[in-house]
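Colleague: What would the 3D arrangement of this be:
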Amino acid sequence: MAKYKKFIVPALAVVFVGVLIATPAFGVGSSFQRFFKRSGNNVTFLGSAWELGSSASRIAKGWFTNLDASTIVIGGATTGDLTLSSAATSTANFTAYGGADTLSGNINYIVGDPRTATSTATVLTLEANGSNWETGTRVLKIVTDDTQAIPLAINNGSGDVAYFQRTGQLFTSGGITLTSGGTITSTAAGNVTISPQGNGAVILGQTGGTGYTRTGWDSTSHSLASSSDLLVTGKLEVDSTAYFDNGVLFYNTLLLTDGVGLFLGTGSDSVIGYRTGQTNDAVVWGLSSDSNSILFTEKSDISFDFAHAQQTNPTLFIHSANTSTNEWISFTHDKTNGIIDVGTGTIRLNDNTQLGDNIDLFFGSGGDVAFRYSSTQTADALLAGLSADSRSLLIVEATDRSFDFAHAQQTNPTLFIHSANQATDEWISFTHDQTDAVITSGTSSTKFLSGSTTSTVEIGVTGQPGCLAIQDTDGAGFTYCSTLDGTMTCGTTSCK
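Modeller: The predicted structure is shown next:
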């Protein structure tokens with residue numbers, strides 16, 4: 001049978017047992033082949049692989065294989081438009097292969113209006129052999145009419161759940177779930193939540209990058225350069241604990257509001273804050289019982305152990321510039337008195353010190369002696385109050401102040417003035433025995449000398465004649481002497 005380029009099978013054919021339509025073989029052997037046969041009331045194709053047309057003369061510039069199989073394959077270099085159109089729902093699979101057979105025209109899949117592509121499989125896949133999206137080669141592109149406000153949308157049957165605007169923005173009514181875990185969601189109020197998977201972390205910044213991460217529009221003024229660096233250009237609010245694993249530098253005011261404490265120590269051992277619970281608002285520094293101490297030292301000595309014992313009451317220690325355990329002055333209150341102490345040396349006042357009226361300057365741990373400038377006297381006066389321990393006030397050389405001058409307890413306050421020797425009897429004392437004023441010498445006689453060339457002792461004043469009472473040698477009485485116009489008269493009659 002000669003080769004035919006066209007054949008016709010009428011719609012109404014004569015009933016026959018078998019129909020043979022043959023052609024010289026091309027591509028399948030050298031003999032004539034049958035490719036149609038009658039099977040019942042149907043005409044079926046023979047063979048599992050055959051061609052309609054040839055590579056040189058084919059229908060629609062392509063050829064078809066496997067027409068009786070579940071998949072129809074279109075082969076050849078197709079250069080025109082290829083259209084699959086069906087008014088009904090199509091459940092067939094449609095595959096367009098690239099590669100050696102280049103498909104450079106348009107693919108239109110039209111199944112009515114609106115135009116919808118569905119798949120009976122789990123996933124409808126559009127695949128391109130390549131992933132170089134930056135250069136735009138060998139990638140899968142979806143091109144739409146970019147004059148539409150929303151050229152591409154994803155619909156779940158109840159409405160659009162995600163869509164791209166023609167400006168390139170992606171909108172979704174749900175969250176974005178990342179394939180490796182984690183989601184990005186938003187609310188109607190405009191809140192955006194980034195949730196990592198499990199115990200994962202939310203990381204901002206490029207891994208190993210050289211640029212810093214920021215929120216807001218300002219640029220760094222402190223040379224931030226790493227992707228681990230973060231710049232917050234607006235206000236930052238932290239509603240829980242903040243941890244700083246390195247130094248914190250402040251280039252502006254650090255403000256702790258009323259009642260907020262600045263704690264020091266891992267166990268919050270010390271705290272300083274502005275407290276409004278005081279009668280008048282005040283800065284309060286609280287110390288823990290670990291030491292109850294504040295030490296002021298040189299910065300370079302901060303790591304030195306100054307060996308202070310635990311204090312019973314909060315105590316301030318001020319140290320010298322040496323790394324010494326005893327060169328300090330301290331201030332504390334022992335629940336009874338205010339205490340100023342030194343580790344070594346003395347407390348020295350290098351300028352005038354003034355105590356107000358009726359303020360006592362005490363001496364002795366029991367407050368045994370007190371000096372006071374008293375304004376309650378008829379005329380203001382300096383008072384020295386002596387305790388009953390001794391009722392004595394001794395004036396001695398400074399180098400002798402540790403020597404025991406062995407004075408007994410006095411009945412009345414007594415002033416002792418000692419010589420420059422460390423002697424227990426070289427003194428003169430002044431007291432009042434509740435009857436008479438008494439001047440006593442510890443040894444030898446009492447001399448009355450004046451600063452002139454002669455020594456003059458005056459007894460009495462105008463209106464009060466002088467009277468000299470001399471103890472008798474038998475101790476039984478006194479001899480009294482008085483004078484009148486150069487004549488001294490002595491007798492046993494008192495002239496007091």
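Colleague: in which helix or strand would I find G385?
Modeller: G385 is located in strand 381-386, with elements delineated by DSSP states H and E.
Colleague: whoops, I294 was the one
Modeller: Per DSSP H and E: strand 293-296 holds I294.
Colleague: Which other helices and strands does the very next helix or strand once past that strand contact?
Modeller: With elements assigned by DSSP H and E, the helix or strand that comes after strand 293-296 is strand 315-319. For strand 315-319, the packing partners by 3 or more C-beta pairs under 8 Å, 6 or more residues apart in numbering; DSSP states H and E come out as strand 293-296, strand 328-333. For every residue, glycine as well, the C-beta is placed using N, CA and C.
Colleague: Could you list the paired strands of the helix or strand just after the longest one along with their orientation?
Modeller: Spelled out, it's strand 328-333. The first helix or strand that comes after strand 328-333 along the chain, using DSSP H and E, is strand 338-342. Strand 338-342 sits in its sheet next to strand 328-333 (antiparallel), going by DSSP bridges.
Colleague: buried stuff in the partner strand?
Modeller: Residues of strand 328-333 classed as buried: W328, I329, S330, T332 (neighbour count, 16 or more other C-beta atoms under 10 Å).
Colleague: Dump the helices and strands packed on strand 315-319 into CSV; add mean pLDDT as well.
Modeller: Below are the helices and strands packed on strand 315-319 laid out as CSV (pLDDT from 0 to 100):
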stretch, mean pLDDT
strand 293-296, 96
strand 328-333, 97
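Colleague: I'd like the average pLDDT over stretch 476-490.
Modeller: Over the span of stretch 476-490, the pLDDT mean works out to 91.
Colleague: low-scoring stretches of the stretch 51-200 of the chain, by residue?
Modeller: 51-152, 156-157, 159-161, 165-168, 174 (pLDDT under 70).
Colleague: now the helices and strands packed on strand 315-319 in a markdown table, with distance to S173?
Modeller: Shown next, in a markdown table, are the helices and strands packed on strand 315-319 (distance: least, C-beta to C-beta, whole Å):
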| stretch | distance to S173 |
| --- | --- |
| strand 293-296 | 61 |
| strand 328-333 | 69 |
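Colleague: Could you point out which of those sits nearest A242?
Modeller: strand 293-296 (26.4 Å; C-beta to C-beta).
Colleague: Where does L415 fall, secondary structure wise?
Modeller: Using DSSP H and E, L415 falls in strand 414-418.
Colleague: Compute the inter-axis angle for that strand and strand 381-386.
Modeller: Between the axes of strand 414-418 and strand 381-386, defined by axes from the mean of the first three to the mean of the last three C-alpha atoms, to 10 degrees, the angle is 90 degrees.
Colleague: Just the CA trace of the helix or strand that comes right after strand 414-418, in PDB.
Modeller: Using DSSP H and E, the helix or strand that follows strand 414-418 in sequence is strand 427-432. Extracted in PDB, the C-alpha atoms of strand 427-432 (Å, rounded to 0.1, in the frame of the first residue of the first chain):
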ATOM      1  CA  TRP A 427      52.300  69.600 141.800                       C
ATOM      2  CA  ILE A 428      50.100  72.400 143.000                       C
ATOM      3  CA  SER A 429      46.400  71.900 143.200                       C
ATOM      4  CA  PHE A 430      43.300  74.200 143.400                       C
ATOM      5  CA  THR A 431      40.000  73.200 144.800                       C
ATOM      6  CA  HIS A 432      37.200  74.200 147.100                       C
END
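Colleague: which residues does T479 contact?
Modeller: A469, I470, D472, C490, G491, T492 (C-beta atoms under 8 Å, 6 or more residues apart in numbering).
Colleague: Now with 10 Å, please.
Modeller: L468, A469, I470, Q471, D472, T473, C490, G491, T492, T493 (C-beta atoms under 10 Å, 6 or more residues apart in numbering).
Colleague: With G198 instead?
Modeller: Taking C-beta under 10 Å, 6+ apart, we find G198 in contact with G181, G182.
Colleague: and it, helix, strand or coil?
Modeller: Of the three states, G198 takes coil according to DSSP: H, G, I helix; E, B strand; the rest coil.
Colleague: ok, which stretches of the stretch 151-300 of the chain are strands?
Modeller: Counting by DSSP state E, counting those that start in this stretch, one finds strands in the stretch 151-300 of the chain at the ranges 152-155, 160-164, 170-172, 176-177, 183-186, 192-195, 213-215, 230-232, 261-264, 270-275, 282-287, 293-296.
Colleague: Rebuild these as JSON lines, extending it with distance to I459 and mean neighbour count.
Modeller: Output for the strands of the stretch 151-300 of the chain, formatted as JSON lines (distance: least, C-beta to C-beta, whole Å; neighbours: other C-beta atoms under 10 Å):
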{"stretch": "strand 152-155", "distance to I459": "128", "mean neighbour count": "12"}
{"stretch": "strand 160-164", "distance to I459": "124", "mean neighbour count": "15"}
{"stretch": "strand 170-172", "distance to I459": "120", "mean neighbour count": "12"}
{"stretch": "strand 176-177", "distance to I459": "117", "mean neighbour count": "13"}
{"stretch": "strand 183-186", "distance to I459": "113", "mean neighbour count": "14"}
{"stretch": "strand 192-195", "distance to I459": "108", "mean neighbour count": "12"}
{"stretch": "strand 213-215", "distance to I459": "100", "mean neighbour count": "15"}
{"stretch": "strand 230-232", "distance to I459": "95", "mean neighbour count": "13"}
{"stretch": "strand 261-264", "distance to I459": "74", "mean neighbour count": "14"}
{"stretch": "strand 270-275", "distance to I459": "69", "mean neighbour count": "16"}
{"stretch": "strand 282-287", "distance to I459": "64", "mean neighbour count": "13"}
{"stretch": "strand 293-296", "distance to I459": "62", "mean neighbour count": "16"}
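Colleague: can I get those strands in TSV with distance to I339?
Modeller: Converted to TSV, the strands of the stretch 151-300 of the chain look like this (distance: least, C-beta to C-beta, whole Å):
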stretch	distance to I339
strand 152-155	81
strand 160-164	77
strand 170-172	73
strand 176-177	70
strand 183-186	65
strand 192-195	60
strand 213-215	55
strand 230-232	50
strand 261-264	25
strand 270-275	21
strand 282-287	16
strand 293-296	14
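Colleague: Nearest to G463, out of these?
Modeller: strand 282-287 (63.0 Å).
Colleague: ok so T399 is a helix residue?
Modeller: Yes. Under three-state DSSP, T399 sits within a helix.
Colleague: Now for it, how many residues are close by?
Modeller: 9 (other C-beta atoms under 10 Å).
Colleague: list the buried ones in stretch 415-425?
Modeller: Those would be L415, F416, H418, for stretch 415-425 by 16+ other C-beta under 10 Å.
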